[in-house]
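Chemist: Generate coordinates for the sequence data below:
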Amino acid sequence: MIRLIQYRILKFQGKDTRNDDGWESGVTAGRIKEAIGSFMADALPGGYHRLTRPNVDMKLILKSMGVDADLRLPTSTELRALKKSIDSAGMI
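Modeler: Have a look, this model is predicted:
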């Protein structure tokens, strides 16, 4: 999964994706794990969720997958739509 994310980032940045030694030139595996691990949601009343503010790496991961969503106070429906857009991008 990490390599798929790295591939998408390299492609998004317009870098060579065929270089087997260049995976870390986009975002390192450790930084991806840290970004994903720190991105969490808390349920709030009224069906809303509070997400942690995505760090720079998480923003890059989302952009590289074509996710451009307002994540300030998403509803459950918006989060499901976000997951569907990520699924349709071929990441999961």
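Chemist: so where do the strands sit in the chain?
Modeler: 41-43, 49-51 (DSSP state E).
Chemist: Would you list the strands that the first one pairs with, along with their directions?
Modeler: Spelled out, it's strand 41-43. Using DSSP bridges, the strands paired with strand 41-43 are strand 49-51 (antiparallel).
Chemist: Pull the residues that contact the partner strand.
Modeler: 39-44, 71-76, 79 (CB atoms under 8 Å, 6 or more residues apart in numbering). C-beta: built from backbone N, CA, C; applies to glycine.
Chemist: which of those count as buried?
Modeler: By neighbour count, with 16 or more other CB atoms under 10 Å, the contacts of strand 49-51 hold 39, 71, 74, 79 as buried.
Chemist: of those residues, closest to I61?
Modeler: F39 (8.8 Å; CB to CB).
Chemist: show me what contacts the closest residue to the closest one other than its chain neighbours?
Modeler: Using CB to CB, 6 or more residues apart in numbering and skipping the chain neighbours, the partner closest in space to F39 is M58 (5.2 Å). Contacts for M58 (CB under 8 Å, 6+ apart) come out as 35-36, 38-39.
Chemist: How much space separates M58 from L44?
Modeler: Remark: distance between M58 and L44 (CB to CB, to the nearest Å) = 20 Å.
Chemist: Point out where the chain drops to low pLDDT.
Modeler: The model of the chain has pLDDT under 70 over residues 19-24, 69, 89-92.
Chemist: Longest helix in it, please.
Modeler: As assigned by DSSP state H, the longest helix anywhere in the chain is helix 76-88.
Chemist: And for it, what's in contact with it?
Modeler: 41, 47, 49, 65-67, 69, 71, 74, 92.
Chemist: Closest one of the residues you listed to T28?
Modeler: Out of the contacts of helix 76-88, the member with the shortest distance to T28 (by CB to CB) is M65, at 17.9 Å.
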